[in-house]
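Novice: curious how this folds, go ahead:
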Amino acid sequence: MKISTDCILTTHTGSLPRPKPLIDLILRREKGEAVDPKAFEVEVVKATDGIVAQQVAAGIDVVSDGEMSKPSYTTYIRHRVTGIEPDPRAAEKGVNIMIGRDMLAHPDFSDSRRTFSAVAFPGCVGELRYKDRSALDQDLARLKAAAAKSNPTEVFMTAPSPGILTRFIINLHYPTEEAYVDALAEVLKVEYRAIVEAGFLLQIDCPDLGSCRNNQYRDLTDDEFRNKIAERNIAALNGAIEGLPADRIRLHICWGNYEGPHTHDLPVTKIIDIAFKARVQAFSIEAANPRHDHEWEDLKEIKIPDDRILIPGVIDSTTSFVEHPRLVAQRIGRYAQVVDRERLIAGVDCGFGTAVRAEPMVVDSIVWAKLRALSEGAAIASRRLWGAKAA
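Specialist: Modelled structure (predicted):
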């Protein structure tokens, strides 16, 4: 994994806006309509080439495929793994599982909030097995081809953690959640290893360490969540990445990619010690979110291991405010007090296209303005941290 040797590198969290023709195809497919595979492939190739080139043009160093082919960062797995199907029981449970404590505290906000996805969550209705690598191999090949054309500094691809899939693919089959997490970890080994062996960085999306405390496990205490859920999920994750090089893996933690009160979010200091048990090199965290923007002060008091890289979000992914580059530079400067500048990469709080919707949370032109602000702010911070030598 490249580090910020002579300037602050920039990256983001994985998902980016999909073109309208591709959105239409994905939504049709998710609703069970017939979609021509060749037409789908044409649109995904075109979108992947374009999204990688746009990231490089915006000044982003460590880029991804934007999750172009996927309906969401989690539910895409149903097309690759046996035992996952639409089920009305899962759809009903899925609605309840997404109710956060902040939504209960602010019911007038809850009434106005849109759902996570345009399609109901599927259910695990049978034994999980990785049935078909073709979609995974196509994603890898498309990204490799796109990167060869645009020549970014480094390339990553995302995959969900076992723990987060328990929220978005509702268990209707396994006798316990523990057994379900273990089964998910087993099938995800295929994705994790394939991404690393293709030469990409693997980003594991792990909101189960943050967001899930607020909704899926809202009835537990903080200690119960830490000891029963977070510890279990990290142990399962470590089993799934066993044998893979830690310096090719980064982990993303977030508190829910929505503009809302977030008044019941778990502080980063209550989960980062467990996150550090994951055998990965880099940690991506929300740091521009107004409920977490202050936590750089708390992290200064925590000894972050010298072999770890920190990727704080310095751009908010939920609002249409475009951050001023000087504000971005200030945020980066704060985190340069937390870890050495070489172990600091500037990121985005969460994805801009976490799930496919007909109407995006943040429109395309603003997404790219935000990413340009990220690059410009990182350049300012680099000059402050390295002086005239900054690249």
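
Novice: and the biggest helix by length in the chain, which residues are buried?
Specialist: Using DSSP state H to define each element, the chain has its longest helix at helix 364-386. Residues of helix 364-386 classed as buried by neighbour count (16 or more other CB atoms under 10 Å): 364, 366-382, 384-386. (C-beta placed from N, C-alpha, C; glycine too.)

Novice: which phi and psi does the closest residue to V363 other than its chain neighbours have?
Specialist: Spatial nearest neighbour of V363, chain neighbours left out: S320 (7.3 Å); criterion: CB to CB, 6 or more residues apart in numbering. Backbone torsions of S320, given as degrees, to the nearest 10, read phi -90, psi 0.

Novice: I'd say S320 and I366 touch.
Specialist: Yes. Shown here, S320 and I366 form a contact pair, counting by CB atoms under 8 Å, at 5.2 Å.

Novice: show the model's pLDDT score for A120.
Specialist: We have a pLDDT of 83 for A120.

Novice: what are the phi and psi values for the spatially closest residue to it that is not a sequence neighbour?
Specialist: Distances taken as CB to CB, 6+ apart place A91 nearest to A120, at 3.7 Å, with adjacent residues excluded. For A91, the backbone dihedrals (degrees, to the nearest 10) come out as phi -60, psi -40.

Novice: and V155, by the same measure?
Specialist: phi -130, psi 140.

Novice: and it, what does it touch?
Specialist: 62-64, 143, 147, 199-201 (CB atoms under 8 Å, 6 or more residues apart in numbering).

Novice: over to R384?
Specialist: Per CB under 8 Å, 6+ apart, neighbours of R384: 329, 333.

Novice: how far away is it from R326?
Specialist: Distance of R384 to R326, computed by CB to CB, to the nearest Å: 11 Å.

Novice: and the helices in the stretch 1-150 of the chain?
Specialist: With DSSP state H, counting those that start in this stretch, the ranges of helices along the stretch 1-150 of the chain come out as 20-30, 37-57, 88-97, 101-105, 107-112, 134-150.

Novice: which stretches of the stretch 51-200 of the chain have low pLDDT?
Specialist: 112-118 (pLDDT under 70).

Novice: next up, the contacts around A381.
Specialist: 8, 328-329, 332-333, 336, 346.

Novice: of all those residues, which two lie farthest apart?
Specialist: V328 and A336 (12.7 Å; CB to CB).

Novice: neighbour count winner among the two?
Specialist: V328 (26 against 20; other CB atoms under 10 Å).

Novice: looking at the contacts of V155, which is nearest A246?
Specialist: Among the contacts of V155, and counting by CB to CB, the member closest to A246 is L201, at 11.4 Å.
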